[in-house]
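Trainee: The sequence and its predicted three-dimensional model are supplied below.
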Amino acid sequence: MRRRAFLKQTALGAAAGGAAVAAPVFAQEAPAVAWRLASSFPDESPTMSAGAEDVARYVSEVTDGRFTIEIYPAGDLVQPGQILEAVQYRVVDCGHTASTRYFDTDPALSFDAGVPFGLNTRQMHAWMLQGEGLALTRVLFDKYNILNFPCGYTGAQMGGWFRPEIKTVDDLRGLKVKAGGFARAVLARMGAIPVAVPVAETYAALEQGVVDAVAWIGPYDDESLALYKVARNYYFPGWWAGTLQLSLYVNQDAYDELPKPYQSALALACNMATGNMIAKYDAGNPQALRRLVSRGAQLKAFPRPLLQAGYEASLAVYKEISAKNPMFKKLYESMTAFRDMEAPWFRLAEGSFDNLMTTLAQPGS
């Protein structure tokens, strides 16, 4: 009944049913398979949207054009917040999204993306592929008949654009903030008022006072929104997620129907897309930040007391949800154990080298 209602709601009942197989039904070594992919990323985020394009291109190239994936941008076939259901019921064969969108469906899904005071990009990728992350999240997604693949990272994010200056924890109270996923629960506990606003409407929302602050991604994505014109205070760090992992959701039945070489091609394509996205953000953010500052953006660090309050509020939310959600608790304990093991090494090696180079090397030397 739920599947029927969802198909009717999205007006795709006649189109549902999975991949179109262009080749004859009889067995063959390299069948032609055509999939549909729904993206949840808007045009305002071209770097994240490019992850799906990379997957489709690599899959087609590796299979000599026998396995193709047609991409539907956010809202074309499925609304951005309906990717999980669309893949679950095979309205589309796969979807590219960030699992933080489904915090209200199940808070545990956020561990497939990024959580407050969690892992950075390198740590997250290691936890997923060499730790328990991928295995545990796949148990979680199994009830949705979905196989999840890491498929892109934004890297560390900024804390967002604020109209007022934030000097104390009290300055956050009553502030209307556009934020998503897990961040909403923590900000609300700290006294802020989370507000849902489409990305394309954030400029007008700030200008008109509908929101007082907008937390989006980072300079490379934020630049095109021109939010510095109406909210010059650009805060850092984005403590509600040390990174944002994007995922390719694949309908399990559709995946099982693929020949094994195609399954491998899909996994490899996700890995390539992930590497490309990390590189794009690492290369694009520094230049975009310089341009934003030259146009009037004021870089400001969140006060230490506010970060401490955010950490304590996050711990309270973790404890509260863990008491009611066993899978959330299991993922949280696995992630924190991995973080606590990794953090000293990163501080000793990566952190010390980065600090050395910022103090020792001069631009152009």
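Mentor: Looks like it arrived, so ask away.
Trainee: Quick check: next helix or strand after the helix or strand bottoming out on mean pLDDT in the chain?
Mentor: Ranking every helix and strand in the chain by mean pLDDT, DSSP states H and E puts strand 20-21 at the bottom, with a mean of 44. As assigned by DSSP states H and E, the chain's next helix or strand after strand 20-21 is strand 33-39.
Trainee: ok, and what's touching that following strand?
Mentor: 19-22, 49, 52, 55-56, 66-74, 76-78, 83, 86-87, 91-97, 254, 257-258, 262 (CB atoms under 8 Å, 6 or more residues apart in numbering). Heads up, the C-betas are built off the backbone N, CA and C, glycines and all.
Trainee: Tell me where the stretch 201-350 of the chain has helices.
Mentor: Along the stretch 201-350 of the chain, the stretches classed as helices by DSSP state H, counting those that start in this stretch are 202-208, 219-222, 252-257, 260-294, 304-322, 326-345.
Trainee: roughly how far is the fifth one from the heart of the chain?
Mentor: What it means is helix 304-322. Averaging C-alpha positions (CA atoms, centre = their mean, to the nearest Å) puts helix 304-322 21 Å from its chain's average.
Trainee: Now do the buried residues in that helix.
Mentor: In terms of neighbour count (16 or more other CB atoms under 10 Å), helix 304-322 has its buried residues at 306-307, 309-310, 313-314, 317-318, 321-322.
Trainee: and which of those is nearest residue 109?
Mentor: Set against residue 109, the nearest of the buried residues of helix 304-322 by CB to CB is residue 321 (11.7 Å).
Trainee: Correct me if wrong: that closest one contacts residue 107.
Mentor: Yes. Residue 321 sits in contact with residue 107 when judged by CB atoms under 8 Å, with a separation of 5.1 Å.
Trainee: what do these two both touch?
Mentor: By CB under 8 Å, 6+ apart, the residues touching both residue 321 and residue 107 are residue 328.
Trainee: count of neighbours near residue 226?
Mentor: Residues lying near residue 226 (other CB atoms under 10 Å) number 12.
Trainee: Ok, the one 3 residues further on next?
Mentor: Residue 229 has 14 neighbours, counted by other CB under 10 Å.
Trainee: now swap in residue 240 and tell me
Mentor: Neighbours around residue 240, by other CB under 10 Å: 27.
Trainee: Show me where the chain dips below the pLDDT cut-off.
Mentor: 1-28, 44, 361-365 (pLDDT under 70).
Trainee: If we use 50, what do you get?
Mentor: Within the chain, the segments meeting pLDDT under 50 span 1, 8, 11, 13-27.
Trainee: re the thing from before, looking at the helices of the stretch 201-350 of the chain, which one is packed in the most?
Mentor: helix 219-222 (a mean of 23; mean count of other CB atoms under 10 Å).
Trainee: list the helices and strands that helix packs on?
Mentor: helix 46-62, helix 260-294 (3 or more CB pairs under 8 Å, 6 or more residues apart in numbering; DSSP states H and E).
Trainee: With distance to residue 210 added, can I get these in JSON lines?
Mentor: Formatted as JSON lines, the helices and strands packed on helix 219-222 follow (distance: least, CB to CB, whole Å):
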{"stretch": "helix 46-62", "distance to residue 210": "24"}
{"stretch": "helix 260-294", "distance to residue 210": "22"}
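Trainee: Which one, of those, ends up nearest to residue 149?
Mentor: With CB to CB as the criterion, residue 149 lies closest to helix 260-294 of the helices and strands packed on helix 219-222, at 4.3 Å.
Trainee: Output the contacting helices and strands for that closest one.
Mentor: Counting contacts by 3+ CB pairs under 8 Å, 6+ apart, helix 260-294 is packed against helix 46-62, strand 67-72, strand 146-153, helix 219-222, strand 245-251.
Trainee: Columns distance to residue 103 on top of those, output as a markdown table?
Mentor: Shown next, in a markdown table, are the helices and strands packed on helix 260-294 (distance: least, CB to CB, whole Å):
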| stretch | distance to residue 103 |
| --- | --- |
| helix 46-62 | 18 |
| strand 67-72 | 24 |
| strand 146-153 | 16 |
| helix 219-222 | 21 |
| strand 245-251 | 14 |
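Trainee: any idea which of these is most buried?
Mentor: Of these, the one with the most neighbours on average (mean count of other CB under 10 Å) is strand 245-251, at a mean of 26.
Trainee: That one pairs with which strands?
Mentor: Applying DSSP bridges, strand 245-251 is found paired with strand 94-97 (antiparallel), strand 146-153 (antiparallel).
Trainee: so what's the residue nearest to residue 153 when sequence neighbours are not counted up against?
Mentor: Distances taken as CB to CB, 6 or more residues apart in numbering put residue 121 closest to residue 153, at 4.7 Å, once the chain neighbours are dropped. Residues near residue 121 by CB under 8 Å, 6+ apart: 153, 155-156, 242-243, 278.
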